[in-house]
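Asks: could you look at this predicted model? Sequence included:
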Amino acid sequence: MKRAILTSLAVRRKNGKFWTGNRAALIAKERIQQLVNPTFLFEPFAGCGALIKDFLPNCRGIANDIDLQQIEQMRKEWNIYDWQFFSKNIFTTPIAEIESWLSISEKERFLIYTNPPYGTRS
């Protein structure tokens with residue numbers, strides 16, 4: 001059996017390559033639906049979109065990632081959904097620009113949802 005060669009942690013971090021497995025994403029989605037049931041999601045480090053793909057039909061949202069290829073792929077595959085896709089470095093993009101992406105009504109349940117390497121409990 002051939003062993004997969006994984007990209008080093010340093011290279012993955014540099015390229016924003018911290019992707020969540022499909023099973024973990026589904027479990028997280030089920031828990032979030034129970035606890036929050038969001039109507040608008042913001043995923044600032046979307047990677048290949050594993051965390052958000054199960055939310056696409058049920059809520060609006062924004063996916064961002066520094067990897068333009070991943071964002072273009074999501075745009076292409078998920079253009080029927082009410083989502084926006086950006087390819088910005090979230091750490092260097094002015095907050096006013098990020099806020100301009102958001103159009104959330106007071107009635108919506110907004111959730112910033114990201115992968116553990118970037119997210120925190122706060």
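Replies: Right, received. Where do you want to start? Numbers count the residues shown, from 1 in each chain.
Asks: list the contacts for Asp54?
Replies: Listed by C-beta atoms under 8 Å, 6 or more residues apart in numbering, the contact set of Asp54 reads Ala25, Leu26, Lys29. Glycine gets a C-beta too; all of them are placed from N, C-alpha and C.
Asks: the second one and Gln69: what is the separation?
Replies: I take that to be Leu26. Distance, Leu26 to Gln69, using C-beta to C-beta, to the nearest Å: 24 Å.
Asks: element containing the spatially closest residue to Leu26 that is not a sequence neighbour, please.
Replies: With C-beta to C-beta, 6 or more residues apart in numbering as the criterion, Leu26 has its nearest non-adjacent residue at 6.2 Å, and that residue is Asp54. Using DSSP states H and E, Asp54 sits in no helix or strand.
Asks: how far off centre is stretch 73-80?
Replies: Stretch 73-80 sits 13 Å away from the centroid of its parent chain (C-alpha atoms, centre = their mean, to the nearest Å).
Asks: for this structure, just list every one of the helices.
Replies: All helices of the chain, identified by DSSP state H, fall at 9-15, 22-35, 68-77, 95-101.
Asks: show me what the third one is packed against.
Replies: Okay, so that is helix 68-77. The contact analysis (3 or more C-beta pairs under 8 Å, 6 or more residues apart in numbering; DSSP states H and E) places helix 68-77 against strand 60-64, strand 83-86.
Asks: could you dump those into CSV with mean neighbour count, mean pLDDT and distance to Pro38 added?
Replies: Formatted as CSV, the helices and strands packed on helix 68-77 follow (neighbours: other C-beta atoms under 10 Å; pLDDT from 0 to 100; distance: least, C-beta to C-beta, whole Å):
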stretch, mean neighbour count, mean pLDDT, distance to Pro38
strand 60-64, 22, 96, 8
strand 83-86, 19, 97, 13
